[in-house]
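Chemist: Only the shape, not the letters, is given here:
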């Protein structure tokens, strides 16, 4: 795709809420499940629980809003193309007070190269600043999600100690202090 083609595309981000249409919620659920199918297809992901992800998807947006978070869906030319979520983290020896966790960043292959991953991540970071959050944590698999890993580093995330008990092998743990 050329830069001119990317510029001519209409990109919209929408936060999911109780007022979101059934069609938008269904599209967000499908994006989330696509993310899960991608993860379980990767080496080292044998212990990833797709059943838990299915329950999470079925309850959107409550699965995040009930955890003091939320989620965005991205549309390109009115087609659902990307998703990201966030939730509050409880403070611990590994987690700063007033922190969020960035979750489930996913952009369909046809939407890659348009800056959607950056836009979705930046919207969560902007929300974090507005909500006076002190840190944003995430985990990612650099071997299978190399573009996302590079994006996070480019956006100022830095390595940190593991802050959760994610069973997927080969994870990198990152944090950003907005």
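Modeler: Happy to help now that I have it. None of these values were measured; they are calculated from a predicted model.
Chemist: Provide the secondary structure category for the one residue sitting closest to the centre of the chain.
Modeler: Geometric centre of the chain, nearest residue: residue 105, 2.6 Å, by CA atoms, centre = their mean. What DSSP: H, G, I helix; E, B strand; the rest coil gives for residue 105 is strand.
Chemist: What is the longest helix belonging to the chain packed up against?
Modeler: Under DSSP state H, the helix in the chain containing the largest number of residues is helix 22-40. When contacts are defined as 3 or more CB pairs under 8 Å, 6 or more residues apart in numbering; DSSP states H and E, helix 22-40 packs onto helix 50-58, strand 70-76, strand 79-89, strand 99-107. In short, each C-beta sits where N, CA and C put it, glycine included.
Chemist: and the residue nearest to the centre of the chain, what is it in contact with?
Modeler: By CB atoms under 8 Å, 6 or more residues apart in numbering, the residues touching residue 105 are 82, 83, 84, 117, 120, 121, 148.
Chemist: Just give me the closest of those to residue 69.
Modeler: Distances from residue 69 to the contacts of residue 105, taken as CB to CB, are shortest for residue 84 (10.5 Å).
Chemist: separation between the residue nearest to the closest one when sequence neighbours are not counted and residue 100?
Modeler: Excluding the flanking residues, the one nearest residue 84 by CB to CB, 6 or more residues apart in numbering is residue 120, at 4.0 Å. Between residue 120 and residue 100 the distance is 14 Å, computed by CB to CB, to the nearest Å.
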